[in-house]
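Novice: Here is a sequence together with a model predicted from it:
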Amino acid sequence: MNTLLTGRTGAGNAPRRAAGAGTAVAARVVDAVKVYGAGGTEVRALDGVTVDFTAGRFTAIMGPSGSGKSTLMHCAAGLDTLTSGAAFIGDAELSGLDDRRLTLLRRDRVGFVFQAFNLLPTLTVAENITLPMDLAGVPGDAEWIDALVDVVGLRDRLHHRPSELSGGQQQRVAVARAFAGHPEVVFADEPTGNLDSRSGAEVLRLLGRTVREMDRTVVMVTHDPVAAAHADEVVFLADGRLVDRMPSPTTDRVLERMQRLAEETEGAAGARDAEARS
């Protein structure tokens, strides 16, 4: 593998090694509980979830509406706090960090791709890619960014502004920006939600390519079985709990599992309603 594309992780930022195994863990949550509201309005979005996200792999998170998949991603990434339990990026426990150190960790070790492209319209593609580092006053790795531009296929668009790009091209800029600072893990929340099927497929192939060619880690929330099939593994949630993991997913297998989850969720809800009425 080209040494330029292997990524570099400082000694102090090494991903955690799973106990008893040679596999590194880029991010994880342990006994994660997230509660919104109180009393009669309490919602338990996460209910004791423990899951590792393996370094150098593309993991998708799926589940029925309200299953807690976006909450899991937000808490694992340090965008939201857990009610109880722990979240880690590498060996760094997020609850042990003050606001300043948490901000620095997200800047230096985590990347984000969202459904909205979040590009600044007055900046060029090149300027949008390096914006987080420019704002932080941190010099970017010119060789890494140059290689990244080729991986995402933006070499001939660097001096264009977002309004001159298609939706798929804008999301590729957002992906490049997320990876520009050598993050240990990139979290993607419905990254193809605003794209047509062709552009969405291009972005999903791009995420997979960054994992394979640049030795990065991607954790993606999606509701789409076609999107999930691009991942190395799918994690399934239901009612705030981890219920299954599927290695080497296919669209048909993911769709079948999601249909069974929906049926199980509806059955459990019906049983609770019947118990409440009795």
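Specialist: The structure has been received and is ready for your questions.
Novice: so residue 236 is in which element?
Specialist: Assigned by DSSP states H and E, residue 236 falls within strand 233-238.
Novice: Using PDB, list the CA coordinates for that strand.
Specialist: This file holds the C-alpha atoms of strand 233-238, laid out as PDB (Å, rounded to 0.1, in the frame of the first residue of the first chain):
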ATOM      1  CA  GLU A 233     -20.700  -4.900   8.900                       C
ATOM      2  CA  VAL A 234     -24.100  -3.800  10.000                       C
ATOM      3  CA  VAL A 235     -25.100  -3.200  13.700                       C
ATOM      4  CA  PHE A 236     -28.900  -3.400  14.300                       C
ATOM      5  CA  LEU A 237     -30.700  -1.600  17.100                       C
ATOM      6  CA  ALA A 238     -34.300  -1.900  18.300                       C
END
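Novice: So what are the sheet partners of it and their directions?
Specialist: strand 58-62 (parallel), strand 241-247 (antiparallel) (DSSP bridges).
Novice: right, and those strands - which one's nearest residue 29?
Specialist: The closest of the strands paired with strand 233-238 to residue 29 is strand 241-247. By CB to CB, the value is 9.6 Å. The C-beta positions use only the backbone N, C-alpha and C, and glycine is treated the same way.
Novice: Let me see the mean pLDDT of the closest one.
Specialist: Summarised as a single mean, pLDDT over strand 241-247 is 96.
Novice: Would you mark the buried spots in it?
Specialist: Buried residues in strand 241-247, counted by 16 or more other CB atoms under 10 Å: 242-243, 246.
Novice: re the thing from before, save the strands paired with strand 233-238 as CSV, and put in distance to residue 143 too.
Specialist: Converted to CSV, the strands paired with strand 233-238 look like this (distance: least, CB to CB, whole Å):
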stretch, distance to residue 143
strand 58-62, 24
strand 241-247, 34
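Novice: between the ones you listed, which gets nearest to residue 201?
Specialist: Counting by CB to CB, residue 201 lies closest to strand 58-62 out of these; the figure is 14.4 Å.
Novice: now the strands for the stretch 1-150 of the chain?
Specialist: 16-17, 24-36, 43-54, 58-62, 84-89, 92-93, 110-114 (DSSP state E, counting those that start in this stretch).
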